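**Student:** Generate coordinates for the sequence data below:
(one chain, ligands or ions: 2)
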Amino acid sequence: MAGKIKEIEIYNVSEKTSEKSSPWSSTMIIVKVTTSDGIVGYGEAPTTLMTLPVKESAEEVKRVFLNKDVNEIYKNTMEFYKHSFYLSRSMEATSALSAVEMACWDIVGKSCKEPVYNLLGGKMRDSVRAYSNGWYSDCVTADDFVDKAKEIRKKGFDAVKFDPFGNNYDTINKKGLESAENIVSGLRESFGDSMDLLIEFHGRFSMEAAKKATQILEPYDCFFFEEPLHPELEMRLPELRSTVNTPIALGERVLNARDFMRNIVEGKVDIIQPDVTNSRGILESFKIATIADAWGIPVAYHNAFGPVQTAATLNLDTTINNFIIQESFEESWPEWKKKLLKSGYKLENGHFKLSGKPGLGIEMDEKSLKEHMVNGMEPFDPESPPWVVSGTYVGEGTDGKQ
Ligand SMILES: O=C(O)[C@H](O)[C@@H](O)[C@@H](O)[C@H](O)CO
Ligand SMILES: [Mg+2]
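**Tutor:** Residues are numbered from 1 along each chain as shown. Ligands and ions are numbered 1, 2, ... in the order given. This next block holds a predicted model:
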């Protein structure tokens, strides 16, 4: 049995090469937790123009978690909940907490020599079907998207997610609608039914625009429409849902089980996308899946950051009942990100497989981690928000330079 939490180290890592697929995670926060009996666990927190605030928040989590029994994961989490007055509404606090929480699971798994999924009920599946994201950097026209999607297909994926809305923001003009439709219809024509198309709206539209954009894409039998509305307009989701048959997905900005519960029972969502790095970690993400299952709703965990997040998420995918599909940016990561882990999981033919080793199942390359330590924020690009794939926030959209 692992003992008390003796040390929590917080690493801000990055490399100054251009990060095309996921500019929002060109920096990463990795935490390393060590217990009094020398067991080490790792966790990861998202950044997205909040790298330094998350790092600071992790210092707060550290003040609560240090010297606690590492096995008492839930109790320690609730202790932080008690102290962290803004946790329910703070992406920074919940991200920092999630990183430490998952590191504790890594330790507990290692101490009893079991992979985390075995501590959560055991395997439901050996192989986890993935969809590719991040593959479409610099894609603007339908042909650009089709060409790059063919490359992704060659790697074995039969599902892709992408944002076809260019630089339309809040509202969408005729050109924006036409261009989005061309992209989606181009992919549908080129792949027929052999490719699932997952449409990313990035929560950037108001109601009118969301209605128009979902309407125009409705005939293309998409897998889901993700975050079609600005997140605070959630009360209008039931109305939007009633106008289309394509499932509505959301969850990457929903921070805990109770908030997911509201979205579910109030009929706002068909597929949920919790993120283990910002919904209080592994235990809460597992509970969220259970709540969704009780309502007959599937889970497609959001996974847009680094390899520790991916390993933690795969442990959940392996064990939950209502798994539907798993997001992956892996194929478009820069080399340094791929090399942070010596081992952990494999992605082959569009499917993930965990190592099955104890804890999260990963082996961190400590040398590489230390070599990439920085102290700073992600780069800021005034022309393109950090949440889009590079080179895609262009065109004659409503947020464009005319
Ligand atoms: O679904 C996804 O992967 C996300 O929306 C992704 O595209 C990003 O915008 C990112 O997570 C921002 O932090
Ligand atoms: Mg998204």
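
**Student:** And the strands in the stretch 251-400 of the chain?
**Tutor:** In the stretch 251-400 of the chain, the strands defined using DSSP state E, counting those that start in this stretch lie at 271-272, 326-328, 341-343, 345-348, 351-354, 363-364.

**Student:** With the stretch 1-150 of the chain instead?
**Tutor:** 5-14, 27-35, 40-45, 128-132.

**Student:** Packed most tightly, which of these would that be?
**Tutor:** strand 40-45 (a mean of 28; mean count of other Cβ atoms under 10 Å). To be clear about C-beta, it is placed using only N, CA and C from the backbone, and glycine gets the same treatment.

**Student:** can you list the domains in the chain?
**Tutor:** 4-113, 118-372 (the TED database).

**Student:** Export the ones you listed as TSV, with columns for distance to ligand 1 and mean pLDDT.
**Tutor:** TSV is the format used below for the domains of the chain (distance: least, Cβ to the nearest ligand atom, whole Å; pLDDT from 0 to 100):
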stretch	distance to ligand 1	mean pLDDT
domain 4-113	4	95
domain 118-372	4	97
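
**Student:** ok, back up a step: adding distance to Tyr169, write the strands of the stretch 1-150 of the chain out as JSON lines.
**Tutor:** Below are the strands of the stretch 1-150 of the chain laid out as JSON lines (distance: least, Cβ to Cβ, whole Å):
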{"stretch": "strand 5-14", "distance to Tyr169": "27"}
{"stretch": "strand 27-35", "distance to Tyr169": "24"}
{"stretch": "strand 40-45", "distance to Tyr169": "27"}
{"stretch": "strand 128-132", "distance to Tyr169": "25"}
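
**Student:** So for Thr94, which of the ones you listed sits nearest?
**Tutor:** strand 40-45 (9.2 Å; Cβ to Cβ).

**Student:** Quick check: which helices or strands does the closest one pack against?
**Tutor:** strand 27-35, helix 91-111, helix 307-319 (3 or more Cβ pairs under 8 Å, 6 or more residues apart in numbering; DSSP states H and E).

**Student:** Give me the phi and psi for the residue nearest to Ala210 when sequence neighbours are not counted.
**Tutor:** Distances taken as Cβ to Cβ, 6 or more residues apart in numbering place Pro228 nearest to Ala210, at 4.4 Å, with adjacent residues excluded. For Pro228, the backbone dihedrals (degrees, to the nearest 10) come out as phi -70, psi -20.

**Student:** Let me know whether Pro228 touches Pro247 as I believe.
**Tutor:** No. Contact criterion Cβ atoms under 8 Å: Pro228 and Pro247 do not qualify, at 11.0 Å.

**Student:** higher neighbour count, these two?
**Tutor:** Pro228 (30 against 17; other Cβ atoms under 10 Å).

**Student:** residue ranges for the helices of the stretch 101-250 of the chain, please.
**Tutor:** 116-119, 142-154, 174-191, 207-217, 237-241 (DSSP state H, counting those that start in this stretch).
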